[in-house]
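1. Please find the sequence and the predicted model below.
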Amino acid sequence: MNAGVQFIIRLNFLKFICLSPDLQTNFVLKHQHMSVVTSRTGTENGRIIINHEKCNLCGLCVKVCKDFSLFIEDKTLKVSDRPLFGCIGCGQCVAVCPRDAIMVEGRTLSPGDFEPLKADHLPDYTSLYQLMLNRRSIRDFRDKPVPREITEQILAMAVTAPMGLPPSDVGVMVLEGKEKVRAFSFDFIDMLQRAKWMASPLALNLMRPFIGKDNYLMFKSFIIPMVNFFSETREKEQNYLLYDAPLAMMFYGNLSDPADPYIAATYATLAAESLGLGACMIGSVGPFLKNMGSDFRKKYHLPARMRDSIMVVFGYPQVKYRKTIKRSFERVFYA
């Protein structure tokens, strides 16, 4: 969240708590339709524009708007002054209209953002399923750079991922080239080494009552050995963090739903598979950057306060896999 949005939220909160109960009620009534805050839009609402000459009152836009921003009255489509939150700019009404009679602007949207769908180009279930079966976590890459055009295609697919609230609050840091990926890896490992005292037996035993048994065992059996391994291999100039991939992307959240970066990253891995690349999600970077490394985040232009994030490495696979593995969920039941 940028400083301006933080200031607005804090200022309004201070105003609110200083009001009498009656005035607090009036404040809530006045601002109850202020749109949901994002880091990119602040409290801005989307603006709904209706072309009444084109509108045939089919009611599809009313049906799909779950904010109740639209209604039909006296044979006229109208914008409600009492929506649930205020238009969030999801664009559902524009996308469903068969006569181009409605438009939404604001919250980063403009008329040029809407394009006709190509329904005849959709893959069938078998084709999509085969793509997903082919996808594996790839950690061995050929010494071949990924062209910028391919990188842009991956990002173009990743940005279509579902999000908790539009516009997407997910940011993406792109590391192009093996040298940049390696530099990031070694800087990250050096940061872990400076904080290694936190994983000492004494510090771990002191933290145990506060972190719980499960987290204690995870630190002891997984995190500490992992950090030690990264440190040992880093001294040998070996990159087992990001595997000397020719391309890496970190998907991170600001005010977004915690799941948003992971969904976008998943779309990116599928895009890579369709383009002949392999990919692998690296889960060991995000949790550390969320809780430490302010200087590191500043160096790589990452937000001062990061929410959930996930790193993904990409490249041309060194090996070809010939079998898939049958997977299963822990449990599936119909309630």
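-> Sure, I can see it.

2. Please, where are all the helices along the stretch 51-200 of the chain?
-> 60-64, 92-96, 125-134, 148-158, 178-194 (DSSP state H, counting those that start in this stretch).

3. Out of those helices, flag the one nearest residue 289.
-> Nearest to residue 289 among the helices of the stretch 51-200 of the chain is helix 178-194 (8.2 Å), distances taken as Cβ to Cβ. C-beta coordinates here come from the backbone N, C-alpha and C atoms, glycine included.

4. List the buried residues for that closest one?
-> Neighbour counts over helix 178-194 (16 or more other Cβ atoms under 10 Å) mark 178, 181-182, 184-186, 188-189, 191-192 as buried.

5. next one: stretch 283-293
-> 284-286, 288-290, 293.

6. That stretch: how far from the chain's middle?
-> Offset of stretch 283-293 from its chain centre (Cα atoms, centre = their mean, to the nearest Å): 16 Å.

7. before we move on, the earlier item: make CSV from the helices of the stretch 51-200 of the chain and add distance to residue 111 and mean pLDDT to it.
-> Output for the helices of the stretch 51-200 of the chain, formatted as CSV (distance: least, Cβ to Cβ, whole Å; pLDDT from 0 to 100):
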stretch, distance to residue 111, mean pLDDT
helix 60-64, 16, 97
helix 92-96, 9, 97
helix 125-134, 31, 95
helix 148-158, 20, 98
helix 178-194, 37, 94
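
8. What's the local residue count around residue 266?
-> 18 (other Cβ atoms under 10 Å).

9. That one is in contact with residue 160, isn't it?
-> No. Checked against Cβ atoms under 8 Å, the pair residue 266 and residue 160 is beyond contact range at 11.6 Å.

10. how about the helices of the stretch 201-335 of the chain, start to end?
-> Counting by DSSP H, counting those that start in this stretch, the stretch 201-335 of the chain has helices at residues 201-218, 224-235, 260-274, 286-291, 294-299.

11. pretty sure residue 309 contacts residue 249?
-> No. At 10.5 Å, residue 309 does not count as touching residue 249 under the criterion of Cβ under 8 Å.

12. what stretches of the protein score poorly on pLDDT?
-> Along the chain, segments meeting pLDDT under 70 span 1-35, 198-199.

13. which residues sit in contact with the residue nearest in space to the middle of it?
-> Among the residues of the chain, the one closest to the centroid is residue 261, at 2.3 Å (Cα atoms, centre = their mean). Going by Cβ atoms under 8 Å, 6 or more residues apart in numbering, residue 261 touches 170, 251-253, 307-310.
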